[in-house]
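1. I would like to see how this sequence folds:
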Amino acid sequence: MTRKPDLSLFTKHWLLKLLSLLISAGLWYFVVAEDRLDLTVTIPLELRNLPANFIIGNRYKKDIEVVVSGPRRLIQEMRQQNISRPVDLSKAEPGSLVVENDADSIPLPHGVTVQRVQPASITLLIDRLARKEFPLVPITAGKPVAGLVLDSVTLKPPRITVTGPQTVLEKEDMLNTSVINLEGIASSTTVQVRLNLNEALLNLIGETVIEANIVLKDNMLKKIVRGIPVYAGENGPPVKCSPATVAVEADIPERLVHGTPELFVLFRASAEIPPNRSNDEASVQVHGISLPDHSPIAIHSVTPSKVRILP
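-> Numbering: from 1, shown residues only. The predicted model follows:
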């Protein structure tokens, strides 16, 4: 006699079993059968716990490109999260540190896998944080118009303080400006000028503009000028002197020398007559006339220094 198969195993609690089957099918659809997506995402590098007395001394790639793969739903959810590649620098020491970007270093949601990371590694140069004050030095080229020379270039500020990697700061003792062109300028002026920085300092503090105050002065020519009339008796009747003219050796602005046909007109000479006129000699005083926008004439000697007062 043939026994019928016992189907009670299948029919018992059939509703719960059907529900389990539906749940399993649903999970299979969302985890396995759901549309999968490969996507390239940019993930920032997050440096953590760098000691306060250290600094990153080089330029480095601040984000990485990661090709991820996973269900479309998880990929879309992942893109809405602030995922970063953390780098713990709490135990960093001065020197080069190579950060390996492997799949395990990126905290992705479960179900999303890393296919490729670019770059595979990043090198950080750990340096000590330093602070240094640099004097600023003006660099000039060219000449002002004829008759003028450079007197001074004053920078504002005259020095700057920079904070950054010790190995970068210790390479320089002073900072130069870019070239200040003086060619053909005809008066004192103030200009804006950039500092001439090496690449490391430029990356550190950026383009830096300062103020340069340019002061010009007359180019002085040493000349011997003769035929300067001597005037005496300014407080009384005029008197005659012998000799009637004197010569001077003086520094005269070049522009006055070229613009004055007779140089003696630039001077005034007077003889100091003794009150009692007991002495026939009088000392001669010579001074140069003052003209606007010109440096004063500097007199070195007078010949003769005394004249004879005639009766």
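2. Quick check: the residue nearest the centre of the chain vs Pro157, distance?
-> Taking C-alpha atoms, centre = their mean as the criterion, Thr208 is the residue nearest the geometric centre of the chain, at 2.6 Å. Going from Thr208 to Pro157 by C-beta to C-beta, to the nearest Å gives 10 Å. All C-beta spots, glycine's among them, are computed from the backbone N, C-alpha and C.
3. before we move on, what about Ser90?
-> Applying C-beta to C-beta, the value for Ser90 to Pro157 is 38 Å.
4. Kindly report the same for Gln166.
-> Counting by C-beta to C-beta, the separation of Gln166 from Pro157 is 23 Å.
5. between these two, who's got more neighbours?
-> Neighbours were counted for Gln166 and for Pro157 using other C-beta atoms under 10 Å; Gln166 has more, 17 against 9.
6. Next, count neighbours for the closest residue to Pro253 other than its chain neighbours.
-> Counting by C-beta to C-beta, 6 or more residues apart in numbering, Pro253 lies nearest to Asp218, which is 3.6 Å off, once chain neighbours are set aside. Neighbours of Asp218 under the rule other C-beta under 10 Å: 21.
7. Asp218 is in contact with His258, isn't it?
-> No - using C-beta atoms under 8 Å, Asp218 is not in contact with His258; the gap is 11.5 Å.
8. Mutual contacts of those two, please.
-> Gly147 (C-beta atoms under 8 Å, 6 or more residues apart in numbering).
9. Which helix or strand contains the residue nearest to Asp102 when sequence neighbours are not counted?
-> With sequence-adjacent residues excluded and distances taken as C-beta to C-beta, 6+ apart, Asp102 is closest to Val117, at 7.0 Å. Using DSSP states H and E, Val117 sits in strand 113-118.
10. Name the residues linked to Gly95 by a beta bridge.
-> Ile126 (DSSP bridges).
11. gap between it and Pro51?
-> Taking C-beta to C-beta as the measure, Gly95 falls 14 Å from Pro51.
12. same deal with Asp293?
-> For Asp293 relative to Pro51 (C-beta to C-beta), the value is 60 Å.
13. Those two: who's more crowded?
-> A direct count of neighbours by other C-beta under 10 Å for Asp293 and Pro51 places Pro51 higher, at 14 against 8.
14. looking at this, that one is in a helix?
-> No - counting by DSSP: H, G, I helix; E, B strand; the rest coil, Pro51 is located in no helix; its state is coil.
15. pLDDT value on it, please?
-> Note for Pro51: predicted pLDDT of 94.
16. Quick check: phi and psi on it?
-> phi -60, psi 150 (degrees, to the nearest 10).
17. excluding its backbone neighbours, what's nearest it?
-> With C-beta to C-beta, 6+ apart as the measure, Ala92 is the residue that lies nearest to Pro51, at 6.8 Å, once sequence neighbours are left out.
18. ok, back up a step: packing partners of the strand holding Val117?
-> If contacts are counted by 3 or more C-beta pairs under 8 Å, 6 or more residues apart in numbering; DSSP states H and E, strand 113-118 sits against strand 63-71.
19. Mind listing what's buried along the strand it packs on?
-> Ile64, Val66, Val68, Ser69, Gly70, Pro71 (16 or more other C-beta atoms under 10 Å).
20. re earlier: where does the residue nearest to Asp102 sit relative to Lys156, distance-wise?
-> According to C-beta to C-beta, Val117 and Lys156 sit 50 Å apart.
21. swap in Ser69?
-> Ser69 sits 59 Å away from Lys156, taking C-beta to C-beta as the criterion.
22. Low-confidence stretches in the protein?
-> Applying pLDDT under 70 to the chain flags the ranges 1-15, 17-18, 24-34, 233-238, 275-279.
23. sorry, back to before: for the residue nearest to Pro51, helix, strand, or coil?
-> Strictly by three-state DSSP, Ala92 counts as coil.
24. ok, now Ser20?
-> Applying three-state DSSP to Ser20 yields a three-state assignment of helix.
25. Could you give the number of residues near it?
-> 11.
26. what's the answer for Leu22, then?
-> Leu22, neighbours per other C-beta under 10 Å, totals 10.
27. can you check Val307 too?
-> Neighbour count for Val307, taken as other C-beta under 10 Å: 22.
28. Same check on Pro261?
-> Quick note: Pro261 (other C-beta under 10 Å) scores 5 neighbours.
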